[in-house]
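Build me a model:
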Amino acid sequence: MTVIGWIQIILYCAIIVAITPLLGGYMTRVFNGERTFLSPVLRPVEAALYWTAGVDERSEQHWVMYAIGMLFFHVGGFLILYALMRFQGLLPFNPAEQAAVAPDLSFNTAMSFITNTNWQNYGGESTVSYLVQMLGLTHQNYLSAATGIVLAVALIRGFARHSVRTVGNFWVDITRCTLYILIPICVPVALFLVWQGMPQTLGPYVDATTLEGAKQTIAVGPVASQVAIKMLGTNGGGFFNANAAHPFENPTALSNFVQIIAIFAIGASLTNMFGRMVGNQRQGWAILAVMAVLFIAGVIVCYAAEAHGNDVLNAMGLTGGNMEGKEVRFGIVASALFAVITTAASCGAVNAMHDSFTALGGMVPLINIQLGEIIIGGVGAGMYGMLLFVIIAIFVAGLMVGRTPEYVGKKIEAKEVKMAMLAILVLPLMYLGWTAVATVVPSAVAATNNPGPHGFTEILYAYTSQTGNNGSAFAGLSGNTLFYNLTGAVAMLVGRFWMIIPAMAIAGSLAMKKSVPPSAGTFPTTGGLFVGLVVGVIVIVGGLTFFPALALGPLVEHLAQIDGTTFSSN
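Have a look, this model is predicted:
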């Protein structure tokens, strides 16, 4: 580890903290329907969209109707994306003449992008056309990100309101989120990325002649417009197979830094929006502090492991850290930081191959996802995931002092705790369950490129990533098989929507409750004790679910690296 490396990390954290109240305040005004500096331009567009769709923006919905609207919205998105991929050979904007995508891969990809997972069992430049990239994938990048944000907003309204039966209007919220937040930020980010050297064209692939005289086809396309929302919306799906390690998808160290800022920007700012909407910004800062503790711990472990490298290679004099699978233009610190950020959020973009990380370095991204990606998390998803753990922590605190637990003026009762636990426990059910199945199915085992504990970790990481709607991978697994396409799609579907529905039920339950004024026995939820309690609950609850599988994978790999044992002999 180096001083320069830590300066980069500290600078990054400082920028995120500075952005949080600014963007948080703006988003609060947007979702409260207040006037913003963009209203003179965008308000007529917003009104026209409501008129066209027949939406009454003054009418709000019960949580059940809010959730039903969200589900039907995603059914439509799935059908559109699946059809685009199946018929892409007949559609325009296909200069590379890509053929129709196979049914099982189309099914997996459509499910992946509507759930904000963006898991890719294919190489973008060799599989899908410009039209699918734009109308299918980029389109869903916006809508799946907006969905996560508005669901978090609905849950926040549950805490902020009292004695009401509504949590907002899904159609109004998703329109405002896309129109006032996502598009206005993505446009300048995309232009910046073009300036940095990222392609944005509908022209055909470029043929070039190498120095050796061989012919090479260089893939280009409308890249910058997709990368902007891929990062801001914590989507992560790459235009190219190499994702953010590709020089056309992440040309410079500056573009890399701007992209990782975009990954955390909205997720961190939602904590401030929560504080504003419940009437106490310190509540938001306390939640951000919980996220920060877990994030910094992950960065320290991952950066230290990658900077230290492999003990066996170090003993041979091959020092300097682990650079396998990393881009020289980014180096160890930017690669390790990116890996922690992309899995602390449910982004899944990668600028280095996680499969090539050291055992302990690769363990950190795996832990981040298995905790439910609540460390900032996906836009919206991280916020409502964190609030579920807050509910559990407040319940535990209430048990310790013998009082009915309260949080921001709302009594936390059995229904909220049951729904929170249901949402949390469904994640390990999926990734541990499907991993167990995959390790005994011959075709699934054959798709791993590494035997022993590392091959097991590849399978575990794949289902963890898909269940957690992350999308990053240990690249040694060949996932484009019928088994992995279908089981992965199920994991993504359950991981997204079986967590959303309980969260919406909690929102509806809280909104109907009266606000309880704080008393002498109310547990304070803005100080260090609260932050420590929530961190402890997250580590304990998360550890009980992921540690058995974790011990069989990365920890065994680490022991093998220490004593020089090869994976093939384990």
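
Make sure Asp207 is indeed in a strand.
Yes: with DSSP: H, G, I helix; E, B strand; the rest coil as the criterion, Asp207 is part of a strand.

now stretch 390-398: mean pLDDT?
Average pLDDT, stretch 390-398: 90.

Next: stretch 200-209.
For stretch 200-209, the per-residue pLDDT averages 91.

what sits up against that stretch?
With CB atoms under 8 Å, 6 or more residues apart in numbering as the test, stretch 200-209 has contacts from 93, 95-96, 130, 190, 194, 215-225. C-betas here are computed from N, CA, C, even on glycine.

how long is that stretch end to end?
22 Å (CA to CA, to the nearest Å).

Report the separation between the residue nearest the centre of the chain and Leu182.
Nearest to the mean C-alpha position of the chain, by CA atoms, centre = their mean, lies Ser346 at 1.3 Å. Distance of Ser346 to Leu182, given as CB to CB, to the nearest Å: 16 Å.

Can you flag the buried ones in the contacts of stretch 200-209?
For the contacts of stretch 200-209, a burial check counting by 16 or more other CB atoms under 10 Å picks out 130, 190, 194, 219-225.

Quick check: the two most widely separated of the residues you listed?
Ala190 and Ala219 (18.4 Å; CB to CB).

in this structure, which helix or strand is least confident?
helix 554-563 (a mean of 51; mean pLDDT, DSSP states H and E).

next SSE after the helix or strand hosting Met363?
Using DSSP states H and E, Met363 maps to helix 359-370. Next helix or strand after helix 359-370 toward the C-terminus (DSSP H and E): helix 381-401.

Neighbouring strands of the next helix or strand after that following helix in the sheet, and parallel or not?
The first helix or strand that comes after helix 381-401 along the chain, using DSSP H and E, is strand 406-407. Strand 406-407 has its sheet partners listed here by DSSP bridges as strand 410-411 (antiparallel).

Can you give me the pLDDT of the most far-flung residue of the chain relative to its centre?
Distance from the centre of the chain peaks at Gly213, with 42.7 Å (CA atoms, centre = their mean). Looking at Gly213, its pLDDT is 85.

Does it fall in a helix, a strand, or a coil region?
Three-state call for Gly213 (three-state DSSP): coil.

again with Gln216
Applying three-state DSSP: Gln216 is strand.

Against Ala245, how distant is it?
According to CB to CB, Gln216 and Ala245 sit 19 Å apart.

cool, and Met504?
37 Å.

same question, His354
Distance, His354 to Ala245, using CB to CB: 11 Å.

before we move on, what about Thr319?
24 Å.

Between the two, point out the one with more neighbours.
Set Thr319 next to Ala245 and count neighbours by other CB atoms under 10 Å: Ala245 wins out with 23 against 11.

Quick check, pLDDT for that one.
So Ala245 comes in at 92 (pLDDT).

Contact partners for it?
Residues near Ala245 by CB under 8 Å, 6+ apart: 327, 350-353.

Also Gln120?
Counted by CB under 8 Å, 6+ apart, Gln120 has contacts 109, 112, 237-238, 241, 471.

now, which of those sits nearest Leu84?
Thr109 (10.0 Å).

average model confidence for the helix or strand containing Ile261?
Assigned by DSSP H and E, Ile261 belongs to helix 253-277. Helix 253-277 shows a mean pLDDT of 95.

Same question for stretch 350-361.
90.

mind saving the C-alpha coords of that stretch as PDB?
Coordinates of the C-alpha atoms in stretch 350-361 are reproduced here as PDB (Å, rounded to 0.1, in the frame of the first residue of the first chain):
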ATOM      1  CA  VAL A 350     -15.500  -4.300 -13.300                       C
ATOM      2  CA  ASN A 351     -12.200  -2.700 -14.300                       C
ATOM      3  CA  ALA A 352     -10.200  -5.800 -13.300                       C
ATOM      4  CA  MET A 353     -10.900  -9.500 -13.200                       C
ATOM      5  CA  HIS A 354     -12.200 -10.500  -9.800                       C
ATOM      6  CA  ASP A 355     -11.300 -14.000 -10.600                       C
ATOM      7  CA  SER A 356      -7.600 -13.000 -10.600                       C
ATOM      8  CA  PHE A 357      -7.700 -11.300  -7.200                       C
ATOM      9  CA  THR A 358      -6.000 -12.900  -4.300                       C
ATOM     10  CA  ALA A 359      -8.200 -15.200  -2.100                       C
ATOM     11  CA  LEU A 360      -8.800 -12.500   0.600                       C
ATOM     12  CA  GLY A 361      -9.000  -9.700  -2.000                       C
END
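
now what about it, what contacts it?
If you take CB under 8 Å, 6+ apart as the criterion, stretch 350-361 is touched by 236, 243-245, 250, 256, 301-302, 305-306, 308-310, 322, 324-327, 330, 334-336, 338-339, 342, 362, 365, 458, 461, 472-476, 554-555, 557-558, 560-561.

Mark which of the residues you listed are buried, thanks.
For the contacts of stretch 350-361, a burial check counting by 16+ other CB under 10 Å picks out 236, 243-245, 250, 256, 301-302, 305-306, 308-310, 322, 326-327, 330, 334-336, 338-339, 342, 362, 365, 458, 461, 472-476, 554-555, 557-558, 560-561.

rewinding a little: out of the contacts of Gln120, name the ones that lie in helices.
With helices taken from DSSP state H, the overlap with the contacts of Gln120 comprises 109, 112.

Max pairwise distance over the contacts of Gln120: which two?
Counting by CB to CB, the most remote pair of those is Ser112 and Asn241, 15.0 Å apart.

Measure how buried Leu202 is and give me the count.
13.

Does it belong to a helix, a strand or coil?
coil.

How much space separates it from Leu81?
Distance from Leu202 to Leu81, counting by CB to CB: 20 Å.

before we move on, the earlier item: between Ser112 and Asn241, which has more neighbouring residues?
A count of neighbours by other CB under 10 Å puts Ser112 above the other of Ser112 and Asn241, at 29 against 17.

Could you point out the longest helix of this structure?
Ranking each helix of the chain by length (DSSP H) puts helix 482-512 first.

and that one, how far from the chain's centre?
Helix 482-512 sits 14 Å away from the centroid of its parent chain (CA atoms, centre = their mean, to the nearest Å).

Could you tell me the angle between it and helix 381-401?
60 degrees (axes from the mean of the first three to the mean of the last three CA atoms, to 10 degrees).

tell me what whatever helix or strand Val45 lives in is packed against?
Assigned by DSSP H and E, Val45 belongs to helix 39-53. Where contact means 3 or more CB pairs under 8 Å, 6 or more residues apart in numbering; DSSP states H and E, helix 39-53 is packed against helix 170-176.

what about dumping the CA coordinates of the helix it packs on to PDB?
Output of helix 170-176 as PDB, limited to C-alpha atoms (Å, rounded to 0.1, in the frame of the first residue of the first chain):
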ATOM      1  CA  PHE A 170     -45.600   4.700  -9.000                       C
ATOM      2  CA  TRP A 171     -46.100   6.200 -12.400                       C
ATOM      3  CA  VAL A 172     -45.500   9.800 -11.200                       C
ATOM      4  CA  ASP A 173     -42.400   8.800  -9.200                       C
ATOM      5  CA  ILE A 174     -40.800   6.900 -12.000                       C
ATOM      6  CA  THR A 175     -41.500   9.700 -14.400                       C
ATOM      7  CA  ARG A 176     -40.000  12.300 -12.200                       C
END
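
after it comes which helix or strand?
helix 183-195.

and the angle for that following helix with helix 39-53?
110 degrees.

what helices or strands is helix 183-195 leaning on?
Right, helix 183-195 is packed against helix 223-232, helix 253-277 by 3+ CB pairs under 8 Å, 6+ apart.

For Pro103, which of those is the nearest?
helix 223-232 (24.2 Å).

just how off-centre is the closest one within its chain?
With CA atoms, centre = their mean, you get 14 Å for helix 223-232.

Please work out the angle formed by the directions of that helix and helix 183-195.
Using the same axes, to 10 degrees: helix 223-232 against helix 183-195 is 130 degrees.

helices or strands up against helix 223-232?
By 3+ CB pairs under 8 Å, 6+ apart, helix 223-232 packs against helix 139-160, helix 183-195, helix 253-277.
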